[in-house]
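# Next one to model:
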Amino acid sequence: MAFSISTYHQIRNELHGKQVTLVAVSKTKPVTDLLEAYHAGIRDFGENYVQELCGKQQQLPEDIQWHYIGHLQSNKVKFIAPFVHLIHGVDSEKLLLEIQKQGKKNQLVIDCLLQVHIAEESTKFGFDEAAIKIVAQTYGIEQPLSHVRLRGLMGMASFTDDAQKIKREFNGLKTIFDTIRSRQPDNNCFDTLSMGMSSDYPLAIECGSTLIRVGSLLFGERI
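Got it, this is the predicted structure:
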């Protein structure tokens, strides 16, 4: 399946009047599909493989905003630092400090989201509630990084059909987000809560998400 423009218009209508950003998750999809989405009006694309992201970035229009949404290894930050719009899954202090290093090297301020582990699956990454508050306090207020801007939080709910369970996890993340945001300086840009994918984005929006990552609904199941 190529890019579904009808599904895109449906989702865009659902988002009308809401302050929610749609990121089209284009991982494993060919450049031709991304161009279809681009010409339909999408400018935010999400990838989770560094090599694939770098290859697509070189082939596609310069005004695309590239989101890195996968688990990022510290030794690969240097490849995406010069152009990435937002790194979603910062799940360790080591990674955060490497992004700072590469931002300084490229004379850029790199926007990031701290990942919170809200699901039951142990395979998902992220800080727990106690750790995320310490990291946000340390690097958002006490020792702000010169080349990293903490924009908010990201989390993925459990893979389940239990809507109430998903809502509890999303609501829990929203509470953590609100608590951390309330402690930030007035001029801080801590304004993004990334939660919700193809299977659960309506619930995520209901729970306060400001950014959703939609892939299979727009492009079909990944290869």
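
# surely E36 meets S4?
No: between E36 and S4 there is no contact under CB atoms under 8 Å: 9.2 Å. C-betas here are computed from N, CA, C, even on glycine.

# Need the contact partners of stretch 171-182.
116, 118, 129, 132-133, 136-137, 140, 152-153, 155, 190-191, 193, 195, 207-208 (CB atoms under 8 Å, 6 or more residues apart in numbering).

# So which of those residues belong to helices?
Using DSSP state H, the subset of the contacts of stretch 171-182 located in helices is 129, 132-133, 136-137.

# hang on, the earlier thing: just the ones of the contacts of stretch 171-182 in strands?
152-153, 193 (DSSP state E).

# ok, so of those residues, who is nearest I166?
For the ones in strands among the contacts of stretch 171-182, the minimum distance to I166 (CB to CB) is 15.0 Å, reached by L193.

# quick one, phi/psi of the one residue sitting closest to the centre of the chain?
What sits nearest the mean C-alpha location of the chain, by CA atoms, centre = their mean, is H88, with 3.6 Å. For H88, the backbone dihedrals (degrees, to the nearest 10) come out as phi -80, psi -30.

# check contacts around it.
Going by CB under 8 Å, 6+ apart, H88 touches 46, 67-69, 112-113, 115, 154, 194, 213.

# Neighbour count, distance to E169 and pLDDT added to those residues, as CSV?
As requested, the contacts of H88 are exported to CSV (neighbours: other CB atoms under 10 Å; distance: CB to CB, whole Å; pLDDT from 0 to 100):
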residue, neighbour count, distance to E169, pLDDT
G46, 25, 20, 97
H67, 27, 21, 98
Y68, 23, 23, 98
I69, 25, 18, 96
C112, 28, 22, 97
L113, 23, 17, 97
Q115, 25, 14, 96
M154, 28, 13, 96
S194, 29, 14, 97
R213, 25, 16, 97
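
# Nearest to P185 among those residues?
Nearest to P185 out of those is C112 (CB to CB; 17.2 Å).

# With V148 as the reference, measure out to that closest one.
Using CB to CB, to the nearest Å, one obtains 6 Å as the distance from C112 to V148.

# overlap in contacts of the two?
Counting by CB under 8 Å, 6+ apart, the residues touching both C112 and V148 are 96, 99.

# I'm done for today, thanks for sticking with me.
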